[in-house]
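J.: Sequence unavailable; structure follows:
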RNA sequence: AAAGUGGACUGGGUGAUUGCGUGCAGCUUCGGCUGUGCGAGGAAAGUCCGGGCUCCACAGGGCAGGACGCUGGCUAACGACCAGUGGGGGGAACCCCAGGACAGUGCCACAGAAAAAAACCGCCCUAAACGCAGAAGACCGUGAGCAAGAUACGCAGCAGAUACGCAGCACUAUUUGUACCCAGGUGUGCUUUUCGGAGCCACCACAUGUCGCAAUUUCGCUAAUAUGCAUUUUGACUGAAUACAGCACACACAGACGCAGGGCAAGGGUGCAAAGGUGGUGUAAGAGACCACCGGCAAUUGGGUGACCAAUUGGCCAGGCAAACCCCGUCCGGAGCAAGGCAAACAGAGAUAACGGGCUGCCCGCCCAGGUCUCGGGUAUGCUGCUAGAGGUGGUCGGUAACGGCCAUCCCAGAGGGAUAAUCACCCACUGCCUUCGGGCAGGGACAGAACCCGGCUUAUAGGUCCACUUUUAUU
RNA sequence: GGGAACAAAGCUCAAAGGAAUGAGCACCUGUGUCCGAAACAGGCGGUUACAGGUUCAAAUCCUGUUGUUCCCA
């Protein structure tokens, strides 16, 4: 889990991102990026009811997404809002796949730089 | 051991690394940091009932509306639960159902004469019209016989055509075609449950029948034995009704039969359902008209807090549906933690004038002067409510039980885009394959995620554990 | 969090408890045409969302599930 100051909290922030953000797609995820007005670096995760009817499964996906993002976030640039939106295929994806996709999307968005910090705290094999 | 019935419990474990929310304590540069405790469920779900709590008149009256419905308990309350009563299902353990259809209205398709005071076929002619018609023996008179046939006749069947001034109708007439024409009865029997139909099986019953390397006694025939004949029992097989044209007989002017008028509701057929059932007596024919038993109803007596049960007596009793409207009894004011409270922010302009708004669908009643509408602007912010409770666990007492009293002990989630996790290793349970029966390899972890809190109900749920009981089989 | 409505042929909808139910469009076949459209004639297509109950009988009445849509804030 991430500390609270790294998370998107307001409903307004979500709707603002969906309107003004830049969208990138992969098989499992969609990443929406927008520049932040200050030095904050916030992230949010959306899993709609379309993915699964069961609340248990949606919660599980969100937890895995957060856990996967946690590995990379120290290396993400400051001053951006990020929103990850789950796609249908994520239901059966493995944790490794999710990690790779997140890393790729962050690179594509140009907000990821490996020199920001040392190695991630837990860059598992 | 197998099959089953009812109930209770459990809902993967251990460790490592990296993380999250929150209570408390300490430190702090007031941003946080450190330590320590806690961190999803039996259904947290559906929101189907019932409460607490909050606000609205501390909650009012009436109507409307809704829910419940055998009896007695239990409870804060309930549609939950416990104990009982009656009915139904099951071989049993056990399970399911539950006010009122003589307060009223309505419905019961098709079929059927009739779906609630019925009469189509049928049975009858006692009484009442001393009815009509009726001698060419009758448009098929009635009865018991004979006997060939296989539709000529009959017919409570079905379908069609034609006809009565015209049009329409038909429990009309005439005519044509066609199907069928049965020796049965009984059964907690079988064919998956119910109803109906059909078939099968078993048993019983019928006959001037037929057959037999079958048995047998009395009598008779034969010289005698066997055989045969006859008789009896038994077995096997076979057959089948009624009506009708035809023939003959009897009855019928002391009035048959028919029409009309009446009596009856036994039988037939229709249907989910047909006016208490079965058997007798009785009668012109019949009928609870009368009798016995059974079912139902009413009264009396006795038992039970009561639903109800038992006994006796009486008269002889007219369907179903209220998850149709309804009647009776009991209960229900409305809205909901996004309730509500405190703080912050916004509180500009115009119009309207007691019309209005608030506690509801309506009426009353009560309350409100920061009333309502339009345009424009702002907000969806922070804190609180927020978790110690009809609480859990253990003991004891009362009670058949649900449940209640008392004592001891424990503190057990509190988020707000919403924490309770991610990855890995080993073990455990399960599934599949291989196996040298030691094991190996692969898959892979039921349903499901708190949002103010409780009591129930309902629905989802892999696997596992335990208790009580029923039936069958085996052993002692 | 609270409240309400709906579900029937491929689609849009009828059907007062009484033949297991229709209509329009679509689809298929035929007629017709050089070919197609229109027209005409005929046909196919339904577990009335699912499960249980009440009733002689349920698309309809009652209860519970599932799905969809809408409303309040």
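T.: Perfect, I can see it now. The structure presented is a predicted model; accordingly, all values stated were derived computationally and were not measured.
J.: what about chain A, any weak spots by pLDDT?
T.: Applying pLDDT under 70 to chain A flags the ranges A:1-13, A:15-16, A:18-20, A:37-39, A:92, A:113-125.
J.: and the longest helix for it?
T.: Ranked by residue count, the top helix of chain A under DSSP state H comes out as helix A:55-72.
J.: Run the chain-centre distance for that one.
T.: Distance of helix A:55-72 from the chain centroid (Cα atoms, centre = their mean, to the nearest Å) equals 9 Å.
J.: what's the answer for stretch A:35-48, then?
T.: That offset, for stretch A:35-48, works out to 9 Å (Cα atoms, centre = their mean).
J.: before we move on, back to that, for the longest helix of chain A, name the packing helices and strands.
T.: Helix A:55-72 sits against strand A:41-46, strand A:80-86, helix A:95-109, with contacts defined as 3 or more Cβ pairs under 8 Å, 6 or more residues apart in numbering; DSSP states H and E. Where you see a C-beta, it was placed from the backbone N, CA and C, and this is true even at glycine.
J.: cutoff 7 Å now
T.: strand A:41-46, helix A:95-109 (3 or more Cβ pairs under 7 Å, 6 or more residues apart in numbering; DSSP states H and E).
J.: want to throw those into JSON lines with mean neighbour count and distance to residue A:61?
T.: Converted to JSON lines, those look like this (neighbours: other Cβ atoms under 10 Å; distance: least, Cβ to Cβ, whole Å):
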{"stretch": "strand A:41-46", "mean neighbour count": "18", "distance to residue A:61": "8"}
{"stretch": "helix A:95-109", "mean neighbour count": "17", "distance to residue A:61": "9"}
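J.: out of those, which comes closest to residue A:86?
T.: For those, the distance to residue A:86 is smallest for strand A:41-46, at 6.8 Å, taking Cβ to Cβ.
J.: do that closest one and RNA strand B meet at all?
T.: Yes. Residues of strand A:41-46 contacting RNA strand B under Cβ under 7 Å from any atom of the strand: A:44-46.
J.: ok, so of these, who is nearest RNA strand B?
T.: Nearest to RNA strand B among the residues of strand A:41-46 next to RNA strand B, counting by Cβ to the nearest atom of the strand, is residue A:46 at 3.7 Å.
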